[in-house]
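Peer 1: The following block contains a protein sequence and its predicted model.
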Amino acid sequence: MNEGGVGGGVGSGVLSGPPDARAAWAAQAVPGPDVVAELAGLDRSQLSAEGRLDAIVAVERVQRWLAAMGHRLLAAHAGDPCRRDDLQQRFAVDELSCALAISRPVAESRVFEAHQLTGRLADTLARVESGAVSPYAARLVIEAVGGLTDQAAATVQAAVGPHLGTATPGQLRRRLRRAVLAADPDSAERSLGHSHTERRVACRESGPGMAELWALLPAEGAATVMAAINCLASVTSADDDRSLDQRRADALVDLGVTVLHDPAAPRHHGLRPAVSVTVALSTLLGHDDQPADLTGHGPIPASIARRLAADPSGTWRRLITDPAGQLLDYGTTTYRPPADLARHVLARDQTCTFPTCAQPAHRCDLDHLHPANPLDKSRGGATNPANLHPLCRAHHRAKHTGHWTIHRDQHTGHTTWTSKTGHTYTSIPPPLP
Ligand SMILES: [Zn+2]
């Protein structure tokens, strides 16, 4: 049934031959629609071990060809790389993040890669497109030439080009480092400055009830922090059976607690800094053991939640849900203090309500879905939980540029964003216990 439908050009497939011969042809042909059709029409159950390997190689080469096509489409979608800050570009990246369900930083880096490969690294992209070079190798080139001028980047590309398809990632990194230093001897000094701007602290889940706190610091900064932790951890007593490692871990946590209890610590939305722990009323009363939710971490075991909820130190902000998973309301029916309203909305939505944004709600603005009208309250949107949601600065601005319209379903809490291209994307807040 494939006969006659495909090919016609020089080098087209051998659609009627034995499967192994067809796979061998596909493995060395220039990737394109002919090879895709050949692979799709292949009876894989009839392949020998050698034929299967040829087919695997052919699939890989087609994927590279498609990856190159993806880069060209992405670069065209995002537009002129010299105007990265204008509203149109921001909208294009935001919508890309929704369409592919990736975060904005990932969408930005995909666009950056596409611009590099369709711009000054066009030769590398051509090698990917031919099936000879993997997208991963191309990414290593992009990273290596990051701080270089166009001319130096071209020199590096020419030096490593012939090896891109054959070197292992480790070999390629070494070749790239050497080529970068040869093309621009000052780059090591500058890259030290660049590393310094990359310093950061990250926290990630590590098994039930545990988390890893990780920091990339300047050497002297890391030494300072460790000296402070060692100093605090050196205090012990005869009845303290903790190991030195355990005392160090506790000392680091104590540093955080001290800051949260400082009366001068900055407030957000009128609330003093604290860590929110959301727990079901039934769990708090000991009727069941539903996992609770720790803001910035996610689910934690019920036993930990009960301990935190009972802690009087003020480190923890306790939020309680009813059997339907709805946050139990704060204020009264007649008067709702603004701080409590803010606390309610921030706890309910947890992050900016743009579908791919992870900005924590407490660092967001509280936006009126329907604008408030201070002169005529009957006509403007009300200041109540139904009409408020958190938006980070970037997405607050994006809302007001007219690129998006927003609808919040009051029953489900889902927020639907409709872009001016007509696509819709829905943001679903993480479930509360
Ligand atoms: Zn946002």
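Peer 2: Cool, the structure landed.
Peer 1: any idea how far Thr426 lies from Gln350?
Peer 2: 16 Å (C-beta to C-beta, to the nearest Å). Yep, even glycine has a C-beta here, placed from its N, CA and C like the rest.
Peer 1: And Val111, by the same measure?
Peer 2: For Val111 relative to Gln350 (C-beta to C-beta), the value is 27 Å.
Peer 1: starting at the chain centroid, how far to stretch 81-99?
Peer 2: 16 Å (C-alpha atoms, centre = their mean, to the nearest Å).
Peer 1: same question, stretch 177-197
Peer 2: 27 Å.
Peer 1: Would you work out how far apart the start and end of it are?
Peer 2: End-to-end distance of stretch 177-197: 20 Å, with C-alpha to C-alpha, to the nearest Å as the criterion.
Peer 1: buried sites along it?
Peer 2: 179-180, 183-184, 187 (16 or more other C-beta atoms under 10 Å).
Peer 1: Check stretch 223-241 too.
Peer 2: Residues of stretch 223-241 classed as buried: 229, 233 (neighbour count, 16+ other C-beta under 10 Å).
Peer 1: Kindly provide the whole-number mean pLDDT of that stretch.
Peer 2: In this model, stretch 223-241 has an average pLDDT of 92.
Peer 1: Show residues contacting it.
Peer 2: Contact with stretch 223-241 is made by 215, 217, 242, 244, 247-248, 250-252, 254-255, as judged by C-beta atoms under 8 Å, 6 or more residues apart in numbering.
Peer 1: switch to 6 Å and redo it
Peer 2: 247-248, 251-252 (C-beta atoms under 6 Å, 6 or more residues apart in numbering).
Peer 1: so what pLDDT did Ala182 get?
Peer 2: For Ala182, the model assigns a pLDDT of 88.
Peer 1: any idea which helix or strand carries it?
Peer 2: helix 169-183 (DSSP states H and E).
Peer 1: That helix packs against which elements?
Peer 2: Packing partners of helix 169-183 (3 or more C-beta pairs under 6 Å, 6 or more residues apart in numbering; DSSP states H and E): helix 135-144, helix 150-160.
Peer 1: mind running it again at 7 Å?
Peer 2: helix 135-144, helix 150-160, helix 187-197 (3 or more C-beta pairs under 7 Å, 6 or more residues apart in numbering; DSSP states H and E).
Peer 1: How far off centre is that helix?
Peer 2: Here helix 169-183 is found 28 Å from its chain centre; the criterion is C-alpha atoms, centre = their mean.
Peer 1: neighbouring contacts of that helix?
Peer 2: 136-137, 140-141, 144-145, 148, 152, 155-156, 159-160, 163-164, 167, 187-188 (C-beta atoms under 7 Å, 6 or more residues apart in numbering).
Peer 1: can we see that at 6 Å?
Peer 2: Residues outside helix 169-183 that contact it (C-beta under 6 Å, 6+ apart) are 137, 140, 144, 152, 155-156, 159-160, 163, 187.
Peer 1: next one: stretch 76-94
Peer 2: 107-108, 111, 115, 401, 403.
Peer 1: give me the subset of these touching the ion.
Peer 2: With C-beta under 5 Å from the ion as the criterion, the contacts of stretch 76-94 include none near the ion.
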